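Peer 1: Compute the structure for the input listed below.
(one chain, ligands or ions: 1)
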Amino acid sequence: MEISRRKFLGVGAAAAASLTLDRTARADVLSGSAPGASQLAARPVGGASANGIRGVARAYDMITRQNADTLDAIIAGVNIQELDPDDQSVGLGGLPNEEGVVQLDASCMHGPTRRAGAVGALEDIATPSLVAKAVMDYTDHIMLVGAGAKKFALEMGFKEQNLLTEKSRRDWLRWKACLNPADAWLDTRSDSAGPPPTASIPFDDPLHVKFTTGTINMNAVNAGGDLSSVTTTSGLSWKLPGRVGDSPIIGAGQYCDNTVGAAGSTGRGEANIKTCGAFLIVEFMRQGMSPDEACMKTIDRVIAMTERRLLDNRGRPLFDLQFYALAKDGRFGSAAAYQGARFSVADSQGARLIPMPFRFSRADRPQMPEVRCRRA
Ligand code: ASP
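Peer 2: Purely as a prediction, here's the structure:
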């Protein structure tokens, strides 16, 4: 088996963990001049990860035109991507686990009533965000997982369906074919008689398949200052069956305190869980930090808490991580480990994507773990 990830992570094991700060990024963040630096918008405001741009527009519309509850609005927002078979990061069409099974995670919080709900490793239901809300609305529990979560969803009337689309099934088979030169799976990508190549996985070149991630976090505050948050995902592609990331963990994948603000994350869940990132961002905002400052300080805390095998020899993380935050007064902000991520915002100026402040420049981004294919 030739997995360059191992070789690559070995370099990190010998590395010093000192942080190399991107000076430009820091100066921009501190001066508030960076694109995306915490901005005050007239409430209501919706904020989300980049893939939530259509959803945050819908949420804003529901809050302003229909006077919808903030949680109902953002869940309707993320439902757009959950039900889109072409979005391979959430819900229907999400990339599966190592056995080809799509397992979904989601959680939500409703600020005004201080309630929360979550589901982990949910199979065959396309809208885990709504199941998480049903756990919140109809049970005395916070989180249901696996078979119990599915049983509950069916009892609540959710429709069972196969979530593995043809495109995601083909990507999974290609990943399998690239795993181990000694097994019986052929990588047919370069064979003219083989199945058509898929463009859905970011290939560096035809011989590499990256591990992929993808999630939507969305937060909203209405004109009266009531807040909600939701995060939904199919998690890390090719994960071990039963793996649960940060998205369904209240305080990690999302968090909302109606007196302060809301926050959430996308990226490597294993890194964020140990820092309870979303909770920490809200606590930093409570102490007076702007949403941008709170997000960047939490990126730094995650890196400081990262094991050496996941850092390169300059202390840079071998993974991506993004945080998004919304303060009760309508200020929004974000931060990413690496340059290039964008943040969706919807307010009275419309829905738009804003470049996120970052800790390390794109040029400094180390090569990320990948699986090397055996056939040239
Ligand atoms: N945070 C998600 C998880 O770890 C993945 C992602 O955001 O891409 O499951």
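Peer 1: Other residues contacting stretch 132-142?
Peer 2: Residues from elsewhere that reach stretch 132-142 (CB atoms under 8 Å, 6 or more residues apart in numbering): 71, 75, 106-108, 110, 115-119, 143-144, 149, 152-153, 156, 158, 230, 232, 248, 250. Where you see a C-beta, it was placed from the backbone N, CA and C, and this is true even at glycine.
Peer 1: in it, what counts as buried?
Peer 2: Residues of stretch 132-142 classed as buried by neighbour count (16 or more other CB atoms under 10 Å): 132, 133, 134, 135, 136, 142.
Peer 1: Quick one: those as TSV, columns for distance to the ligand too.
Peer 2: Formatted as TSV, those follow (distance: CB to the nearest ligand atom, whole Å):
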residue	distance to the ligand
132	14
133	19
134	21
135	18
136	20
142	18
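Peer 1: Return the subset of those residues lying in helices.
Peer 2: When DSSP state H is applied, those are split such that 132, 133, 134, 135, 136 fall in helices.
Peer 1: where does residue 29 land on pLDDT?
Peer 2: Residue 29 is assigned a predicted lDDT (pLDDT) of 31.
Peer 1: scratch that, residue 214
Peer 2: Per-residue confidence (pLDDT) for residue 214: 72.
Peer 1: Does it touch residue 266 like I think?
Peer 2: Yes. Counting by CB atoms under 8 Å, residue 214 sits close enough to residue 266 to count as a contact (7.4 Å).
Peer 1: And the two? Which one has more around it.
Peer 2: Counting neighbours by other CB atoms under 10 Å for residue 214 and for residue 266 shows that residue 266 has the greater number, 30 against 20.
Peer 1: Could you confirm that one falls within a helix?
Peer 2: No. Counting by DSSP: H, G, I helix; E, B strand; the rest coil, residue 266 is located in no helix; its state is strand.
Peer 1: ok, and the closest non-adjacent residue to it?
Peer 2: Spatial nearest neighbour of residue 266, chain neighbours left out: residue 215 (4.2 Å); criterion: CB to CB, 6 or more residues apart in numbering.
Peer 1: ok, which residues in the protein are in contact with the ligand?
Peer 2: 213-215, 233, 235-236, 245-247, 266-269 (CB under 6 Å from any ligand atom).
Peer 1: Show me the one in the residues you listed that has more neighbours than the rest.
Peer 2: The member of those that has the most neighbours, counting by other CB under 10 Å, is residue 247 with 34 neighbours.
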